[in-house]
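**Student:** Build me a model from this:
(2 chains)
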Protein chains: 2
Amino acid sequence: MSNENDRDSETPKTPSRRGFLTAAGIAFAGTTLGAGAASEARAATGDQATTGNAAAEPFWGEHQGGILTRPQSHTYFAAFDLTTDKRDDVITLLKTWTQAAARMSKGLPIEPFKESEIAPPTDMSTTTTVTTADYADAKPTLVALTDSSESLELPPARLTVTFGFGAGLFVKDGEDRFGLAKHRPEAFVDLPRFVGDQLVEAHTGGDLSVQACADDPQVAFHAVRQLARLAYDFAGIRWTQSGFIPNFGPKRTPRNLMGFKDGTNNPSVADAEAMAKIVWVGEEGPDWMRGGSYLVARRIRIAIEHWDRTNVPFQEQTVGRHKLSGAPLGKAHEFDAADYGATDKDGNSVIPENAHIRLAAPVNNDGAQILRRPYSFNDGVNFTAERWPPWRQGNEYDAGLFFLAYQRDARTGFIKIFDRMAKFDMMNQFVTHVGGGFFAIPRGAKEGEYIGQKLFEST
Amino acid sequence: MSNENDRDSETPKTPSRRGFLTAAGIAFAGTTLGAGAASEARAATGDQATTGNAAAEPFWGEHQGGILTRPQSHTYFAAFDLTTDKRDDVITLLKTWTQAAARMSKGLPIEPFKESEIAPPTDMSTTTTVTTADYADAKPTLVALTDSSESLELPPARLTVTFGFGAGLFVKDGEDRFGLAKHRPEAFVDLPRFVGDQLVEAHTGGDLSVQACADDPQVAFHAVRQLARLAYDFAGIRWTQSGFIPNFGPKRTPRNLMGFKDGTNNPSVADAEAMAKIVWVGEEGPDWMRGGSYLVARRIRIAIEHWDRTNVPFQEQTVGRHKLSGAPLGKAHEFDAADYGATDKDGNSVIPENAHIRLAAPVNNDGAQILRRPYSFNDGVNFTAERWPPWRQGNEYDAGLFFLAYQRDARTGFIKIFDRMAKFDMMNQFVTHVGGGFFAIPRGAKEGEYIGQKLFEST
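**Tutor:** Next up, the predicted model:
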């Protein structure tokens, strides 16, 4: 910390290779946080009472957070490309990220307050012990403020940070940069190109993924921002995606931007047996992936303007569900089982052959299941030539579904299911996959470990 | 409504000129909603208990909502260009928009449920009276679902919709399309080009503005989406901007993405006298603007990566406030008055001459004041050549502040204040104005009126 005072001077010098990480004071100790930690919490400001946002999600554990966690209302996802070619740098980065994510999950800034320098105020919103004297020499005595600080006073908002490894961590451009190629799991295949894929290279892939989810968009962005700052010398952001779901309580199925309930048929995260079967890598995987999962992320643009000009019965045929209730066609209640054999008086299937839910249903995919955890996105408008009558040109929403799905093995999960859907789903005329990635989500870290530790210790 | 059944067929015909507006069933009645309205509310689903989001803001009134309203956590702003050249079309559009906005503010879809066709379910999330028979002939019997429906079951979330008129409504390309040129208020000047402006044409201006604010991003986007659908034949979206502020209760000052509290010195919306003086147009304006205001919107990109590599004391000198407490430099508490005359032991101003708050302060601007209602925005990353050491190139956040300010007269408000700030503010090295607009916000509408009615009735 000796170079703290000139680290971030007004006209910054080129920082030393590891200067930023060191200066940020998150040297990996391999131990639990010190006794001072309790006094660091933002929670002192009484946010519980005013926002209901105070709950914190655990960071440490067998599995990473943000997978079975009840979906928070906002996400900020970032894919990084590693700019270092040194294995030790990657380890340092993951150690640093792990510690920072654990702290932020508790609602703490990335660096502890130094109580010798400033006593944590009892109410940061109105009082502080800072005086001019603290700044007389323009010295950064408030070490805690090396955190960019926009989430100070905010409660944890159920922040989770979920880390993933892209193919590029193992091999990139034919190069085994970090000596990890031999540890790439057999299940971690390259995703095939699906029919209709229009993936934008700059919005696809990445060596590492970081997904922050929180009930406050400022908390989610803050988390990724700090991790990106800590990665300054080692990795840069390749692409990001923010997303949201409606802000209502548990036990309700949110509607996506097509106006239909999305997630009715998702397996229950409360069913440990189902999760073990569907989501978590088991004995078939290498040690570092056991308890981990595979994440398929797809940025799916929806032609909202087109969808909005079709009538509701047509939409319902496309989806295979009633719009209002969410019930499968021919049924009355959202959670009624779909009857794929039912026909109408003319002998036509009540749920059309190419309806979305028919093609996605486990019963029609040899039992294949995935755990979806999607968010809607809304990235403004851009110029589009409509491909539907009356073929206007103009600004259309760059909005849709940020599809995120976890599975034990994508070969028997997303790849199996989506291969057929990409070809036949009636919904395809309204949706286009324009970006995303495929990431191995390593097992969680126990306190004192770092994310991915068992991969780097593999021999 | 006679063409309801084929309006949105699977392969849409080119709609009749007013077909969409009429079909949407929001024919302007000039009366209050019928007795059936009470049964339409989403509120039946008990959202109060689960989300705390159930509160509704009034739509009708002397002033439009969304100005003095305690800022909701999310906004979705859209600027429209009128594609019609008929005055009556604009009136029809404003009547339709007014009715739709009033309904949505209560948490209702844009069109009433037809109780003769379907009884409102008691709990829309789990039960419905819809049966297959309703769809046997693929007839859109659920007229209510002409609303795109993604906000069904969601509470009002304090939605406000605020309408504005751009210069183009009065004169565009030298043309007085709607016979309104003579009613353009003297105060509704063109904004000058300020030093450093880098406004992107496609993200600037617009004939009409619509700002939806809500405590749920899905509710805010839903509102603009419905209004855009209703405008199909008359106007198209020119640009949009979404934004957020931290999700915490009233009486706290949110931090923006610079990590500093933003809004400490805003005038109090509870002070009616101050609002009359600062925000609302009075006798000096034409009748249709009395009780209205002028909105300056600026999309301000912040060089977050650069800011994050400066030290906190430098940041504090730039802003003129302490980062942690929000207190003016040299003071201890956020709401302490700044002492612009104070000097340190070397005779330098404690609050630098070019500090942001000094240049913005009313006391240094002949008392000029505006009401700011800003949101942060976060639109991903794009490729940027850094203009700071070590001059890297790479993806940087397209994020910053969506600055929104209301005032009685911009000539003595934003223009006066910002002219000097654009030249001298230390903060300018970190911020760039890249889009926005200037809009006349007409007075509010009483129930039975439409927004802008008095303008179109002016002689």
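**Student:** Which of the three states applies to A:Phe163?
**Tutor:** Three-state call for A:Phe163 (DSSP: H, G, I helix; E, B strand; the rest coil): strand.
**Student:** Okay, it and A:Leu94: tell me how far apart.
**Tutor:** Here the criterion is CB to CB, to the nearest Å. By it, A:Phe163 lies 8 Å from A:Leu94. C-beta coordinates here come from the backbone N, C-alpha and C atoms, glycine included.
**Student:** Quickly list what's touching both of these two.
**Tutor:** Where contact means CB atoms under 8 Å, 6 or more residues apart in numbering or on different chains, the residues bridging A:Phe163 and A:Leu94 through contact with each are A:451-452.
**Student:** Was I right to think A:Arg298 contacts A:Val431?
**Tutor:** No - the pair A:Arg298 and A:Val431 fails to qualify as a contact (CB atoms under 8 Å) at a distance of 9.6 Å.
**Student:** Same drill for the two, tell me which one is more crowded.
**Tutor:** A:Arg298 (25 against 20; other CB atoms under 10 Å in any protein chain shown).
**Student:** give me the number of residues near A:Ala337?
**Tutor:** Counted with other CB under 10 Å, the neighbours of A:Ala337 add up to 10.
**Student:** check contacts around the nearest residue to A:Phe244 once chain neighbours are set aside.
**Tutor:** Distances taken as CB to CB, 6 or more residues apart in numbering or on different chains put B:Pro217 closest to A:Phe244, at 4.6 Å, once the chain neighbours are dropped. For B:Pro217, the contacting residues are A:244, A:378, B:74, B:76, B:242, B:244, by CB under 8 Å, 6+ apart.
**Student:** try A:Ala422
**Tutor:** A:194-197, A:428.
**Student:** swap in A:Gly437?
**Tutor:** For A:Gly437, the residues meeting the contact criterion (CB under 8 Å, 6+ apart) are A:79, A:166, A:204-206, A:209, A:295, A:297.
**Student:** make it 7 Å
**Tutor:** With contacts taken as CB atoms under 7 Å, 6 or more residues apart in numbering or on different chains, A:Gly437 has the following neighbours: A:79, A:166, A:204-206, A:209, A:297.
**Student:** tell me the pLDDT at it?
**Tutor:** Confidence at A:Gly437, expressed as pLDDT, is 98.
**Student:** Dihedrals phi and psi, it?
**Tutor:** The phi and psi values for A:Gly437, taken as degrees, to the nearest 10, are phi -170, psi 170.
**Student:** And it, how far from A:Asp207?
**Tutor:** Using CB to CB, A:Gly437 is found at 10 Å from A:Asp207.
**Student:** residues of the lengthiest strand in chain A that come out buried?
**Tutor:** Across chain A, the longest stretch assigned as strand under DSSP state E is strand A:393-407. Judged by neighbour count (16 or more other CB atoms under 10 Å in any protein chain shown), strand A:393-407 contains these buried residues: A:395-407.
**Student:** For chain B, state which of those is nearest.
**Tutor:** Distance ranking of the buried residues of strand A:393-407 against chain B, using CB to the nearest CB, places A:Asn395 first at 4.9 Å.
**Student:** any chance you could map the strands in the stretch 101-250 of chain A?
**Tutor:** Per DSSP state E, counting those that start in this stretch, the stretch 101-250 of chain A carries strands over the ranges A:160-165, A:208-214, A:235-244.
**Student:** Next, format those as CSV and append mean neighbour count.
**Tutor:** Listed next are those as CSV, based on neighbours: other CB atoms under 10 Å in any protein chain shown:
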stretch, mean neighbour count
strand A:160-165, 26
strand A:208-214, 28
strand A:235-244, 24
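**Student:** of these, which approaches B:Arg309 most closely?
**Tutor:** Taking CB to CB as the criterion, strand A:235-244 is the member of the strands of the stretch 101-250 of chain A that comes nearest to B:Arg309, at 14.2 Å.
**Student:** Now do that closest one against strand A:208-214, angle only.
**Tutor:** Interaxial angle, strand A:235-244 versus strand A:208-214 (axes from the mean of the first three to the mean of the last three CA atoms, to 10 degrees): 30 degrees.
**Student:** could you say what helices and strands strand A:235-244 packs with?
**Tutor:** Applying 3 or more CB pairs under 7 Å, 6 or more residues apart in numbering or on different chains; DSSP states H and E, one finds that strand A:235-244 contacts strand A:74-82, strand A:375-385, strand B:375-385, strand B:393-407.
**Student:** Relative to the last one, what are the paired strands and their orientations?
**Tutor:** The sheet places strand B:393-407 alongside strand B:293-302 (antiparallel), strand B:371-372 (antiparallel), strand B:375-385 (antiparallel), with pairing taken from DSSP bridges.
**Student:** mean confidence for the second one?
**Tutor:** The average pLDDT for strand B:371-372 rounds to 98.
**Student:** The residue nearest to A:Thr98 when sequence neighbours are not counted: what secondary structure?
**Tutor:** Nearest residue to A:Thr98 in three dimensions, chain neighbours excluded: A:Tyr450, at 4.1 Å (CB to CB, 6+ apart). Local secondary structure at A:Tyr450 is given as coil here, using three-state DSSP.
**Student:** Looking at the contacts of B:Pro217, which one is closest to B:Gly347?
**Tutor:** In terms of CB to CB, no member of these lies closer to B:Gly347 than B:Phe244, at 42.7 Å.
**Student:** For that closest one, give me its contacts.
**Tutor:** When the contact criterion is CB under 7 Å, 6+ apart, the partners of B:Phe244 are A:217-218, B:73-74, B:375-376.
**Student:** helix/strand/coil for the nearest residue to A:Glu449 once chain neighbours are set aside?
**Tutor:** On the basis of CB to CB, 6+ apart, the spatially nearest residue to A:Glu449 that is not a chain neighbour turns out to be A:Thr98, at 7.5 Å. The local conformation at A:Thr98, judged by three-state DSSP, is helix.
**Student:** From A:Asp308, how far off is A:Thr98?
**Tutor:** For A:Thr98 relative to A:Asp308 (CB to CB), the value is 44 Å.
**Student:** quick one: the helix or strand harbouring A:Ala422 to strand A:293-302, angle?
**Tutor:** Taking DSSP states H and E as the definition, one finds A:Ala422 inside helix A:414-424. Between the axis of helix A:414-424 and that of strand A:293-302 there is an angle of 20 degrees, by the same axes, to 10 degrees.
**Student:** List the buried residues in helix A:414-424.
**Tutor:** Residues A:414-418, A:421-422, A:424 are the ones in helix A:414-424 that count as buried (16+ other CB under 10 Å).
**Student:** And stretch A:172-184, by the same measure?
**Tutor:** When burial is assessed from 16+ other CB under 10 Å, stretch A:172-184 yields the following buried residues: A:172, A:177-178, A:180, A:183-184.
**Student:** for stretch A:359-366, same thing?
**Tutor:** Going by neighbour count (16+ other CB under 10 Å), the buried part of stretch A:359-366 is A:359-361, A:365.
**Student:** do stretch A:193-212 as well
**Tutor:** So for stretch A:193-212, counting by 16+ other CB under 10 Å, buried means A:194, A:197, A:199, A:203-212.
**Student:** what residues are up against A:Val319?
**Tutor:** Taking CB under 7 Å, 6+ apart, one finds A:260, A:355-357 in contact with A:Val319.
**Student:** who in the stretch 151-300 of chain A is up against chain B?
**Tutor:** For the stretch 151-300 of chain A, the residues in contact with chain B (CB under 7 Å from any CB of the partner chain) are A:152, A:154, A:215-218, A:221, A:229, A:236-240, A:242, A:244, A:246-249, A:252, A:255-257, A:259.
**Student:** how far away is A:Asp207 from A:Phe170?
**Tutor:** When distances are taken as CB to CB, A:Asp207 and A:Phe170 turn out to be 9 Å apart.
**Student:** could you pull out the helices for the stretch 101-250 of chain A?
**Tutor:** Remark: helices assigned in the stretch 101-250 of chain A by DSSP state H, counting those that start in this stretch are A:217-230.
**Student:** low-confidence ranges in it?
**Tutor:** When the per-residue scores of the stretch 101-250 of chain A are filtered using pLDDT under 70, the ranges that remain are A:112-145, A:248-250.
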